[in-house]
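[1] Sharing a model that was predicted from the sequence below.
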Amino acid sequence: MCGIMGYIGDRQALPMLLDGLRRLEYRGYDSAGVAVVRNGRIDLRKASGKLSRLEQVVKVAPVAGSVGLGHTRWATHGDPTDRNAHPHADCTGRVVVIHNGIIENYLALKEELLAAGHRFQSDTDTEVLAHLIEAEYRGDLEGAVRRAVSRAHGAYAIAVLCADEPDKIVAVRYISPLIVGLGSGEMWMASDIPALLPYTRHVIVIEDGEMAVITRDSVRLSSVDGRPVERPIMHVTWDAEAAEKGGYAHFMLKEIHEQPRALQETMMGRLDEGRVVLDGIRFPPGFVETLDKIWVVACGTAYHAGLVGRWFLEHLARIPTEPDLASELRYRDALLAGNALAMAISQSGETVDTLTAMRDLKKRGARVLAITNVLGSTVTREADDVLYIRAGPEIAVASTKAYLTMLAAEVMLAVDMGMRRGTLDQARARGLVAGLHALPGRAQEVLNREPEVVDLARRYASASDVFFIGRGLDYSVAMEGSLKLKEISYVHSEALAAGELKHGTLALIESGVPVFALVTQRHVKEKMLSNIQEVKARGGLVIALAYEDDEETARQAHHVLPIPRVDDLLAPILAIIPLQLFAYHVARERGHDIDQPRNLAKSVTVE
Ligand code: M6R
């Protein structure tokens with residue numbers, strides 16, 4: 001996720017661009033840049049690192065002018081260096097572009113542009129847009145941008161400045177967010193409302209496939225193919241703090257609701273006609289085909305993601321996979337033999353237990369793959385390969401969108417490995433890729449049923465124990481649901497393997513105890529239904545988490561939290577959402593500090 005900001009008016013653009021970028025820094029911050037147009041030329045300043053580095057650069061070499069663009073980047077294509085920072089210019093320096101999103105077909109476009117003589121300065125996908133606009137420019141910026149974006153596939157919010165038409169900014173949105181702020185004789189644009197709040201509360205939200213031509217006095221909207229669009233002006237009433245949270249009461253709730261978008265970003269450019277194409281991974285030839293074992297090292301929620309990942313990797317790629325709590329593996333004399341891959345999963349990329357276990361496995365000869373969210377984090381510097389989950393910054397201590405996107409990344413990895421090893425046939429791969437494509441929409445359907453979870457949370461907010469039972473993949477998801485509840489609501493909770501109830505844990509079930517029963521795995525459904533009966537016979541109150549068309553399970557439970565039917569293997573990615581919401585709403589009912597629960601920190605960098 002990147003942040004974009006623009007200004008056109010009579011005041012100096014630079015201070016407002018920097019201020020807006022500071023407010024957007026939560027979207028990512030590995031480099032930043034600004035472009036300001038004045039006296040028929042565009043001045044660019046860029047710097048890798050945090051925004052403060054760009055501030056130092058413009059202190060030494062200021063840029064003046066009242067029309068400009070700013071960008072804070074979180075890299076997807078190309079290292080976080082000065083030259084890869086936005087804005088990107090065409091060959092002449094007369095057109096500059098900032099972009100949030102991914103241009104999926106940039107390699108093909110770049111080859112074509114190189115063959116036509118264009119010279120590239122960066123490794124980014126974005127730069128192709130600047131050159132495409134240059135190639136299409138015939139004295140009409142708006143038309144050139146229309147023609148250029150019609151050639152680009154992917155997701156984008158872009159804004160364009162042209163030295164030959166210095167009194168306008170042209171912006172286009174497809175999937176990535178874009179807002180225009182309205183003033184009197186001045187206008188702003190940004191990725192998100194918080195960046196605009198100090199300047200205006202009158203905004204227009206640009207929708208997918210729309211273009212805005214912004215001048216000092218007007219905003220003209222049209223579809224990218226040129227049909228005029230009318231959109232009412234919205235008045236924002238949030239205060240600054242609420243705005244940072246996108247209007248949600250807590251970062252955790254905001255992040256739960258961001259999950260459909262986060263999933264989209266995780267998969268963007270990686271799913272191709274029944275195939276998976278993973279950037280950032282360059283296994284040596286034959287490595288995957290001859291892999292003997294995968295060790296997963298992680299902590300907390302990331303470890304739970306590893307437990308789900310084991311299913312994907314063993315089932316689809318037939319590779320023995322052993323998830324280990326990083327803090328345990330370090331002190332266990334584990335046997336490492338053969339051709340091994342260590343998979344370190346960490347949202348922050350800084351968890352010391354995970355780093356130490358990973359280093360240990362690396363020292364003992366394993367190749368290391370990191371699955372992480374944070375570019376430039378320690379895990380990315382030490383791993384041989386990195387698979388970014390692209391969840392965007394996660395602020396709440398309780399991890400939500402990182403878990404979901406870790407699972408999506410793991411499915412893609414397992415499909416890729418299964419194809420290479422010949423353990424996954426084309427038809428099954430196509431089915432899974434189609435299922436992944438549909439997941440953001442399905443996740444949104446689950447979120448739309450939040451009021452049902454709120455009712456349930458109110459009913460059970462005062463429970464002193466809550467249990468989660470499941471088998472197979474459902475058991476792994478139960479562990480994560482239970483951790484969420486413990487972590488923010490401080491309610492005692494445990495995930496129990498449903499098949500183990502009769503071996504001891506059934507003794508915990510007494511009258512009135514809420515028990516979540518996860519029933520998404522067809523091959524163990526009958527067994528789960530028997531376990532539900534065992535719980536009910538002891539007075540337990542069963543809340544079934546099952547597919548919405550599974551009437552049989554619904555009939556046997558006291559309450560049901562339904563999810564849309566998907567491939568059983570993908571069900572964890574949906575099933576966790578109602579459990580996250582349940583934990584959140586119980587904690588809220590109990591009046592806790594949800595984003596910063598007691599005794600916990602977001603990133604655990606000490607042993
Ligand atoms: O940054 P990491 O993914 O390495 O963090 C690992 C755990 O500390 C983390 O998942 C923790 O369990 C969360 N607070 C759970 O919500």
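    Now that the structure is in, tell me what you want to look at. Just so it is clear, the structure is predicted and the values come from calculations on it, not from any experiment.

[2] what's the domain layout of the protein?
    For the chain, automatic domain parsing gives the domain ranges 3-244, 252-446, 449-589.

[3] Looking at stretch 398-406 now, give me its mean pLDDT.
    Rounded to a whole number, the mean pLDDT of stretch 398-406 is 97.

[4] Tell me how far that stretch lies from the chain's centre.
    Centroid separation for stretch 398-406 versus its chain: 8 Å, with C-alpha atoms, centre = their mean, to the nearest Å.

[5] Just the residues contacting that stretch, thanks.
    Residues external to stretch 398-406 that are found in contact with it (C-beta atoms under 8 Å, 6 or more residues apart in numbering): 252, 255-256, 258-259, 262-263, 265-266, 300-302, 304-305, 309, 345, 347, 371, 373, 389-392, 394, 443, 480, 484, 487-488, 573, 576-577, 580, 583, 594, 597. No exception for glycine: its C-beta is placed from N, CA and C like everyone else's.

[6] could you redo the last one with a cut-off of 6 Å?
    The set of residues external to stretch 398-406 that reach it, using C-beta atoms under 6 Å, 6 or more residues apart in numbering, is 252, 255-256, 258-259, 262, 266, 301, 305, 345, 347, 373, 389, 391, 394, 484, 487-488, 573, 580.

[7] The residues you listed also near the ligand: which ones?
    Subset of those in contact with the ligand: T301, Q347, E487, counting by C-beta under 6 Å from any ligand atom.

[8] So which of these wins on neighbours?
    Comparing these by number of neighbours (other C-beta atoms under 10 Å), Q347 comes first, having 29 neighbours.

[9] how about that one, phi and psi?
    In this entry, Q347 is assigned phi and psi values of phi -60, psi -50 (degrees, to the nearest 10).

[10] Y106 reaches D125, doesn't it?
    Yes: the pair Y106 / D125 is scored as a contact, 3.7 Å apart, by C-beta atoms under 6 Å.

[11] who has more neighbours, the two?
    Neighbours were counted for Y106 and for D125 using other C-beta under 10 Å; D125 has more, 25 against 21.

[12] Looks to me like the more buried one is in a helix.
    No: per DSSP: H, G, I helix; E, B strand; the rest coil, D125 lies outside any helix segment and is coil.

[13] show me what contacts it?
    Going by C-beta under 6 Å, 6+ apart, the list of residues near D125 reads H77, I103, Y106.

[14] Next one: it relative to the ligand, how far apart?
    When distances are taken as C-beta to the nearest ligand atom, to the nearest Å, D125 and the ligand turn out to be 27 Å apart.

[15] Which residues of the stretch 351-500 of the chain lie near the ligand?
    Counting by C-beta under 6 Å from any ligand atom, the positions of the stretch 351-500 of the chain adjacent to the ligand are T351, T354, V397, A398, S399, E487.

[16] Point out where the stretch 1-150 of the chain drops to low pLDDT.
    Under the criterion of pLDDT under 70, the regions of the stretch 1-150 of the chain flagged as low confidence span 1, 26-28.

[17] which residue ranges form the strands in it?
    Counting by DSSP state E, counting those that start in this stretch, the stretch 1-150 of the chain forms strands over residues 3-8, 31-38, 41-48, 67-73, 88-89, 95-103, given from the N-terminal end onward.

[18] need the ones you listed in TSV with mean neighbour count, can you?
    Below are those laid out as TSV (neighbours: other C-beta atoms under 10 Å):
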stretch	mean neighbour count
strand 3-8	29
strand 31-38	27
strand 41-48	20
strand 67-73	29
strand 88-89	25
strand 95-103	28
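
[19] Adding distance to E314 as columns, could you present those strands in CSV?
    Written out in CSV, the entries for those read as follows (distance: least, C-beta to C-beta, whole Å):
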stretch, distance to E314
strand 3-8, 40
strand 31-38, 39
strand 41-48, 40
strand 67-73, 37
strand 88-89, 43
strand 95-103, 31
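
[20] With distance to the ligand added, can I get these in CSV?
    Rendered in CSV, the data for the strands of the stretch 1-150 of the chain read as follows (distance: least, C-beta to the nearest ligand atom, whole Å):
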stretch, distance to the ligand
strand 3-8, 22
strand 31-38, 22
strand 41-48, 23
strand 67-73, 22
strand 88-89, 32
strand 95-103, 24
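
[21] what about those strands, which gets the closest to D225?
    Comparison of the strands of the stretch 1-150 of the chain against D225 by C-beta to C-beta identifies strand 95-103 as nearest, at 18.8 Å.

[22] Just the ones of the residues of the stretch 351-500 of the chain next to the ligand in helices?
    Members of those lying in helices (criterion: DSSP state H): T354, E487.

[23] which one of the residues of the stretch 351-500 of the chain next to the ligand is nearest L221?
    Proximity of these to L221 (C-beta to C-beta) peaks at S399, which lies at 37.9 Å.

[24] list the buried ones in stretch 472-491?
    Going by neighbour count (16 or more other C-beta atoms under 10 Å), the buried part of stretch 472-491 is 472-489, 491.

[25] From what I see, M252 and V397 are in contact.
    No: with contact defined as C-beta under 6 Å, M252 and V397 do not form a contacting pair (8.2 Å).

[26] Looking at those two, which is more packed in?
    Comparing M252 with V397 by neighbour count (other C-beta under 10 Å), the higher total belongs to M252, at 29 against 18.

[27] helix, strand or coil for the more buried one?
    Three states are possible here, and by three-state DSSP the one that applies to M252 is helix.

[28] now the ones next to the ligand among the contacts of stretch 398-406 in JSON lines, with pLDDT?
    Compiled in JSON lines, these are given as follows (pLDDT from 0 to 100):
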{"residue": "T301", "pLDDT": "98"}
{"residue": "Q347", "pLDDT": "93"}
{"residue": "E487", "pLDDT": "96"}
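
[29] Pop out the phi and psi values for the residue in the chain positioned nearest to the ligand.
    Per C-beta to the nearest ligand atom, G300 is where the chain lies closest to the ligand, at 1.9 Å. With angles defined as degrees, to the nearest 10, G300 shows backbone torsions of phi 50, psi -130.

[30] Could you report the distance from A155 to V180?
    Spatial separation of A155 from V180 under the definition C-beta to C-beta, to the nearest Å is 19 Å.
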